[in-house]
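Participant: Here's my sequence, what's the structure:
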Amino acid sequence: MVDNVNNKSPVIETFRQAYVVMKNEIKKYFSGKRMLLFLVLLAIVLAILTSAPYLVGIDEFTEGQMLTMYLSMAPLIVLMAATLFASITIVSEYEERTALIVFTRPISKGSIFLGKLTASLIVSIAFVALYYVYAAIMLQAYFGNIDSGIPTSFGLSCAYAVGCIGVAMFISSFMKKSNTATILTFVALMILITAASMVLSIAGMDVSWMIDQASGSIATCSPGYRAYSDEQIQQLAMVLMSPDMFIDFELYSEALIAYISPLIGGSLPVGVADQFPIVLQGTLLQSGAWNLGEIGELFGSMSTPIPDVMKDAFVMIGWGIVSLVASFVLFLRREF
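Facilitator: Numbering: from 1, shown residues only. All right, here's what the predicted structure looks like:
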């Protein structure tokens, strides 16, 4: 008779060990201070978003405003989860010296890596799902409607989670301290990658493959978000094309006259003072640098583009895959 216990497939055994590691990692998350910190930050974000309609005035608060708030904050929730959970997955084994015990047992590094990755993904995506459920409940409660782009936005947030967790685990694979890995992960995802995109864009290069650019579709995939953004653009265009709505030329003229008069040793002639507001308005609005009307027309021709959802999803997942492969290679080579 074949001994099934002693003849398990290596693949099956790898996944079994990974499952054990995943369970232990999730237990570690919920018993640690980082989970408490994440829950506190999440509660603060939700409290601010929930109170917004009351601060603005429920009658004046629109569906577009609420939808924009929640979708704009979704990438930050993902980034927070990746920073607090995934950034310590590998480095903690070395910092807490548990690697001395784990690596001497009959468990492969591949199982450890897979288990930790799975735990980070499950916890992060679970909280992102909770965030979207809360957003959907709020939209339904206030407006009796849930935007059709919410499911797509959630799927893109999951793709972004893969990318962020990949970057976080890559950083964790070569750091020596958990706190340093956490800080560097946040700085990399929030600042360094964004700065790199800006520099490449200024240089005239295509930046659609950058993860921060692709993550913008988390919000713009929503028809309601795009409609609200277009509405704001058109309102700005109308204001720029009608500068008298926000520039009081009479007031500015009086201030300038009061400033100029002492410099010339007396007041301006009456005729000049009367014409000053007209001259000021013409100078500001008709010169090449201050032609607000043309700027307004430019804004009026703009609209929020419909994103290529599949492309952006592949970009974010691609960042995750490349980062995870690199982090796994570093993890295999790393010694205690």
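Participant: switch to C-alpha atoms for all contacts and neighbour counts from now on
Facilitator: Will do.
Participant: tell me the mean pLDDT over stretch 201-210?
Facilitator: If you average the pLDDT over stretch 201-210, you get 90.
Participant: show me where pLDDT drops low in the stretch 51-200 of the chain?
Facilitator: Filtered on pLDDT under 70, the stretch 51-200 of the chain yields the residue ranges 58, 95-106.
Participant: If I look at residue 301, what pLDDT would I see?
Facilitator: pLDDT for residue 301: 66.
Participant: ditto for the one 5 residues further on
Facilitator: Turning to residue 306, the model gives it a pLDDT of 90.
Participant: ok, it - contacts?
Facilitator: 220-221, 226 (C-alpha atoms under 8 Å, 6 or more residues apart in numbering).
Participant: Pull out the buried members of these.
Facilitator: 220-221, 226 (16 or more other C-alpha atoms under 10 Å).
Participant: Pick the one among those closest to residue 53.
Facilitator: Nearest to residue 53 among the buried ones among the contacts of residue 306 is residue 226, at 20.3 Å by C-alpha to C-alpha.
Participant: The closest one and residue 217: what is the separation?
Facilitator: 11 Å (C-alpha to C-alpha, to the nearest Å).
Participant: now residue 198
Facilitator: Residue 198 is 17 Å from residue 217, by C-alpha to C-alpha.
Participant: The two: who's more crowded?
Facilitator: A direct count of neighbours by other C-alpha atoms under 10 Å for residue 198 and residue 217 places residue 217 higher, at 22 against 15.
Participant: Out of the buried ones among the contacts of residue 306, which sit inside helices?
Facilitator: Mapping the buried ones among the contacts of residue 306 onto helices (DSSP state H) picks out 220, 226.
Participant: so residue 35 touches residue 27, yeah?
Facilitator: No - the criterion here is C-alpha atoms under 8 Å, and residue 35 misses it with residue 27 at 10.4 Å.
Participant: Switch the buried ones among the contacts of residue 306 over to a markdown table; also include distance to residue 203.
Facilitator: Shown next, in a markdown table, are the buried ones among the contacts of residue 306 (distance: C-alpha to C-alpha, whole Å):
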| residue | distance to residue 203 |
| --- | --- |
| 220 | 25 |
| 221 | 27 |
| 226 | 28 |
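Participant: next SSE after the longest helix seen in the chain?
Facilitator: Ranked by residue count under DSSP H, the longest helix found in the chain is helix 109-143. Next helix or strand after helix 109-143 toward the C-terminus (DSSP states H and E): helix 150-172.
Participant: Give the buried residues for that following helix.
Facilitator: Here helix 150-172 shows 150, 152-172 as buried, counting by 16+ other C-alpha under 10 Å.
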